[in-house]
Every structure is written in C-alpha cells, then in structure tokens.
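> Prediction below, plus the sequence it came from.
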Amino acid sequence: QVQLVESGGGLVQAGGSLRLSCSASARTFKNNAMGWFRQAPGKERAFVAAITWSDGATLYADSVKGRFTISGDNSGNTVYLQMNSLEPGDTAIYYCAAGRFLLEVAGMYENWGQGTQVTVSS
C-alpha cells in the first residue's frame, strides 16, 4: 500500500498561482502513474492531470491545459502540480492518486491521498 501525502493548498485570488505537492511513501510498478483529481461541492471527482515515472509522459484535462503543469521529482518520489491563472471554477478539494497506467479514470487509481483544499476567490 502506497501512502500519499498532499500539501500546498490554500486561498488565492483569481489569476494567482499555487503549487501542490504529493509525496509517495514508495515507488513500485503499482504506482508508475501519479495523478491529480479534484472534487468540487456537489460534483463528481474529476481528472486534472497525470504523469508516469517511467518516461515522464503526461496527460491533462482540457480545462487545465496551458494553465496547469504536472511534474515529478524522481529523487524524492514527489509529484507537483503547478497551477497558474487560477479561476473560481478551479475551487475544489484536490486529491493525489497512484496507479499503474496513465489514465483519466479515477477508478483505475489504487491509492489516494487525503486531499487538500484549493479556494480561488473572484
């Protein structure tokens, strides 16, 4: 079981930036893919971005392309989500997830962090 710990959430004004971090307790073939999802009040959990440790391949939701960047620190087992040009619609709890494959489907990720709140004010 891989343990995931997120940090970096907070309150920011529209147009601002935040960087989220997710530290994994270990890296195995079971968590080659690291993803970020978000869940706003009253909505289903939605895919944001993902990256693979093996080759650094990335995948983004259309709603965040050009604004968010996912990256990985291979030495520290940490994945980052740099969020720029934030909008009120980005307000949600952001969850880090680990799985085997680079996918947008939450159900394919086996391990989840506790989540970190991101609030964007207008």
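Received it, and whenever you're ready, just let me know what you need. Numbering: from 1, shown residues only.
> Check for me that Ile70 belongs to a strand.
Yes - counting by DSSP: H, G, I helix; E, B strand; the rest coil, Ile70 is located in a strand.
> what's near enough to touch it?
Each residue near Ile70 by C-beta atoms under 8 Å, 6 or more residues apart in numbering is listed here: Met34, Trp36, Ala49, Ala50, Ile51, Thr58, Tyr60, Val79, Tyr80, Leu81, Gln82. Glycine gets a C-beta too; all of them are placed from N, C-alpha and C.
> if I read this right, the fourth one contacts Phe37, doesn't it?
No - using C-beta atoms under 8 Å, Ala50 makes no contact with Phe37, being 9.1 Å away.
> and the contacts of Ile70, which are buried?
Met34, Trp36, Ala49, Ala50, Ile51, Tyr60, Val79, Tyr80, Leu81 (16 or more other C-beta atoms under 10 Å).
> I'd assumed Arg38 was in contact with Ala92.
Yes - using C-beta under 8 Å, Ala92 makes contact with Arg38 at a distance of 3.8 Å.
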